[in-house]
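# sequence and computational prediction follow.
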Amino acid sequence: MASTAEVLGTVPLFALLDGSERAALAERIERKSAKKGEAIFEQGHPGDALFIVLSGAVEIWIKKQTGEKVVLETAREGEFFGEISLLDGGPRTASATAIDDAELIEVDRGDL
């Protein structure tokens, strides 16, 4: 498995950091586990972190006013999600739920 610093290098937001900067960031961030069906975050909640999928899958979705669930994306190994709220400081624009057991890297605003 790739090191946390190597995984960070695959995310466009962190790709411009040099190796020592990515290593320093890697020391500050946490890995998180999510069981199948577990909410990672919910639409409207504060958005202060992005997530990188190490294994498993996470569904990014919204609920329409009619109550219908609309899946926007399924993030799988090596993909990331949650960056919009991290960057703009606004509330979450969608919800994220693990659809398989998942291992994630969580990068929050304080880590940056």
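Thanks, I have it.
# how about the spatially most central residue of the chain: what's its closest non-neighbour residue?
With distances taken as C-alpha atoms, centre = their mean, the residue of the chain nearest its centroid is residue 51 (1.7 Å). Spatially, and ignoring its direct neighbours in sequence, residue 51 is nearest to residue 104 (4.7 Å; C-beta to C-beta, 6 or more residues apart in numbering). From N, CA and C alone the C-beta is placed, and that goes for glycine too.
# which strands and helices sit next to the host helix or strand of that neighbour?
Element membership for residue 104 (DSSP states H and E) is strand 102-108. Contacts defined by 3 or more C-beta pairs under 8 Å, 6 or more residues apart in numbering; DSSP states H and E place strand 102-108 against helix 4-8, strand 30-34, strand 49-55, strand 57-63.
# kindly recompute the last result at 7 Å.
Strand 102-108 is packed against strand 30-34, strand 49-55, with contacts defined by 3 or more C-beta pairs under 7 Å, 6 or more residues apart in numbering; DSSP states H and E.
# give me the buried positions along stretch 88-105.
Using 16 or more other C-beta atoms under 10 Å as the test for burial, stretch 88-105 gives 92, 94, 95, 96, 97, 98, 99, 100, 102, 103, 104, 105.
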